[in-house]
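[1] Return a 3D structure for these sequence lines:
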Amino acid sequence: MPQGQSRLRMKRASAPRTHGDEDDSLDYLEHRIFRLTAPIHQVVAQYNGHRTVNYIKGKHKFENLRFEDYGGYDKEQLGDFCFWMWFHADWYENVIMPKSNPTTEMNSNNWTYLDDLDMPVVTQAVNACARMNLQPIMSYNCHWNEEVIAQFYVTLYANRGKKEFHWMLQGQRFSVTYNQFATILGFFAKDLKRPKTHDENMLEDGEMHYMHDSAYGKVMFGIVFGLIPYYMMINQLLRYTVSPKGGNSDKISNMSRILLARMAPNLVEFSVFDFIWEEIIFTSISSKKGCHYAPYLLHVHGSDRSEHFSGQEPSSLQA
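    Numbering: from 1, shown residues only. Just a heads-up that it's a prediction; the model follows:
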């Protein structure tokens, strides 16, 4: 690991577990993950004829590398068994590691607590989440390990044609299909057939006018200021779960705009899982975003002792 940079941490979920039962405990995986070996360079880059590429500056095109199967190439990165390509090592060192919080903070919603508040606007928002089939995934809760999530995003290859994710962890290869991932997260087939939000046009500032009212503050489209209480509540519920966001909490991101519009009364349901799948891909090609969906991705590694995806058994997820 580069000098001066500390090893990524185990993150604790911010609320008591509300999803699954005791048989689904990931405690065994947490124990394994603590024994992971942090990536290190055993050979200095310049002696291998490789000059480190800093992708955070936005001067280098890399999107094609995320959609290209590196499995058919000889290993480039010989100094670290965790990474296959120099692109992986450079992304880890220059995009992931410099962030003070490599993984985006995720919470889970306690629907019983919200119901007990007995506030009209909260009840309206809770009912809307139920109507859109969001409650199960928004209440999911587990711990995650930043090193596991970092290696996932660094080595991710997204096969759009076959709808598959391929990645590496501690030098071992893993993969999961679109349908398998949906099943692991508890989504049914009917969710996958619903409209896809990423196929929709982005909302311009002016198209959000009905979400704002000057009675609730100075109206600034694209910003939370002036949002009516219902949309303010929905935004707060979404930004730490299905549509996580770090940085400026006042700004409403492009995809969050679409989700807020989708939560309007009487609109048809959308595919929640497809939204998560596409956002994982988008996160993997953004040098500015933190690593989203850490609890969901760790659950992929722990689900049914890897029955649903190819790769080594969890007992091999150790140094």
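
[2] mind showing which ranges of the protein have poor pLDDT?
    1-49, 57-61, 77-79, 303-319 (pLDDT under 70).

[3] Please enumerate the helices of it.
    With DSSP state H, the ranges of helices along the chain come out as 27-33, 63-66, 86-91, 111-117, 120-131, 135-138, 146-155, 178-184, 189-192, 229-238, 254-262, 272-284, 294-302.

[4] Any idea which of the ones you listed gets closest to D213?
    Nearest to D213, of all the helices of the chain, is helix 229-238, at 9.3 Å by C-beta to C-beta. C-betas here are computed from N, CA, C, even on glycine.

[5] How about residues contacting the closest one?
    Here helix 229-238 makes contact (C-beta atoms under 8 Å, 6 or more residues apart in numbering) with 109, 121-122, 124-125, 128-129, 138, 211, 216, 224, 227, 252, 256, 259-260, 263.

[6] Restricting to C-alpha, output it in PDB.
    What follows is helix 229-238, C-alpha atoms only, in PDB (Å, rounded to 0.1, in the frame of the first residue of the first chain):
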ATOM      1  CA  PRO A 229     -42.500  18.400   2.900                       C
ATOM      2  CA  TYR A 230     -43.500  15.200   1.000                       C
ATOM      3  CA  TYR A 231     -40.700  15.400  -1.500                       C
ATOM      4  CA  MET A 232     -38.200  16.600   1.200                       C
ATOM      5  CA  MET A 233     -39.100  13.400   3.200                       C
ATOM      6  CA  ILE A 234     -38.800  11.200   0.200                       C
ATOM      7  CA  ASN A 235     -35.400  12.700  -0.700                       C
ATOM      8  CA  GLN A 236     -34.100  12.100   2.800                       C
ATOM      9  CA  LEU A 237     -35.300   8.400   2.700                       C
ATOM     10  CA  LEU A 238     -33.700   7.800  -0.700                       C
END
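
[7] Buried residues, it. List them.
    Residues of helix 229-238 classed as buried by neighbour count (16 or more other C-beta atoms under 10 Å): Y230, Y231, M232, M233, I234, N235, Q236, L237, L238.
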